[in-house]
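In: Provided below for reference: sequence and predicted model.
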Amino acid sequence: MTATLYERLGGAERIALIVEDAIDRHAVNPALAPRLYGRDLPRLKERLVQFFCAGAGGPQAYEGRDLRSAHAGLNVSEQELIAAMDDIVAAMSAHGAGAAEVNEVIAILYSLKGDIVRL
Ligand code: HEM
């Protein structure tokens with residue numbers, strides 16, 4: 001059987017490192033940094049790790065809100081979504097993810113656009 005995306009990425013430990021790195025990049029990305037002001041970052045990080053793990057086929061349960069509710073009222077722009085995806089690609093590459101896995105994650109994130117952007 002083909003390994004799940006979760007397994008190919010290196011499981012929860014590697015995904016947590018990728019999420020942490022991506023948040024660090026968001027914090028110094030001028031397109032995104034203001035969005036992080038005043039947020040509970042340890043909690044956000046925990047939720048993002050759960051979301052990423054569960055979405056990639058891991059055993060974790062996602063305990064956060066559905067994406068549409070989480071982003072409602074934020075009026076996230078397409079430019080911000082691309083900026084976030086750029087940081088995620090950079091974080092994945094920095095932690096040794098392969099091109100196939102990066103492309104898979106990008107395709108999944110793009111498919112979520114309607115529940116994130118312009119709400
Ligand atoms: C790349 C695709 C994205 C995914 C998969 C994603 C996923 C998530 C998840 C899982 C949460 C946690 C929800 C919860 O705790 O209940 C969250 C919260 C949040 N997201 Fe996103 N997000 C994405 C893009 C963005 C973008 C581009 C922005 C804005 C520039 C953004 C702004 C936020 C903010 C501000 C919160 C915290 C909301 C709060 O604390 O109430 N997200 N996101």
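Out: Okay, I see it. Residues are numbered from 1 along each chain as shown.
In: Tell me the residue of the protein that sits nearest the ligand?
Out: With C-beta to the nearest ligand atom as the measure, Gly64 is the residue of the chain nearest to the ligand, at 3.1 Å. (Glycine included, C-beta is placed from N, CA and C.)
In: Show the contacting residues for the closest residue to that residue other than its chain neighbours.
Out: The spatial neighbour of Gly64 that comes closest, neighbours along the chain excluded (C-beta to C-beta, 6 or more residues apart in numbering), is Arg47 at 3.9 Å. Contact partners of Arg47, counting by C-beta atoms under 8 Å, 6 or more residues apart in numbering, are Tyr62, Glu63, Gly64.
In: returning to what we had before: could you double-check that the residue of the chain closest to the ligand sits in contact with Phe51?
Out: Yes. With contacts counted by C-beta atoms under 8 Å, Gly64 reaches Phe51, the gap being 6.4 Å.
In: Settle it for me: which of the two has more neighbours?
Out: In this comparison of Gly64 against Phe51, neighbours counted by other C-beta atoms under 10 Å, the higher total goes to Phe51 at 19 against 15.
In: How about that one, nearest residue that isn't a chain neighbour?
Out: Leaving out its chain neighbours, the residue that sits closest to Phe51 by C-beta to C-beta, 6+ apart is Tyr62, at 5.1 Å.
In: Show the backbone phi and psi for the residue of the chain closest to the ligand.
Out: Gly64 adopts backbone torsions of phi -90, psi -180, taken as degrees, to the nearest 10.
In: per-residue confidence for it?
Out: Gly64 carries a pLDDT score of 97 in this model.
In: quick one: contacts of the helix or strand harbouring Asn103?
Out: Under DSSP states H and E, the secondary-structure element containing Asn103 is helix 99-111. Outside helix 99-111, the residues within contact range by C-beta under 8 Å, 6+ apart are 5, 8-9, 55-56, 81, 84-85, 88-89, 92-93, 97.
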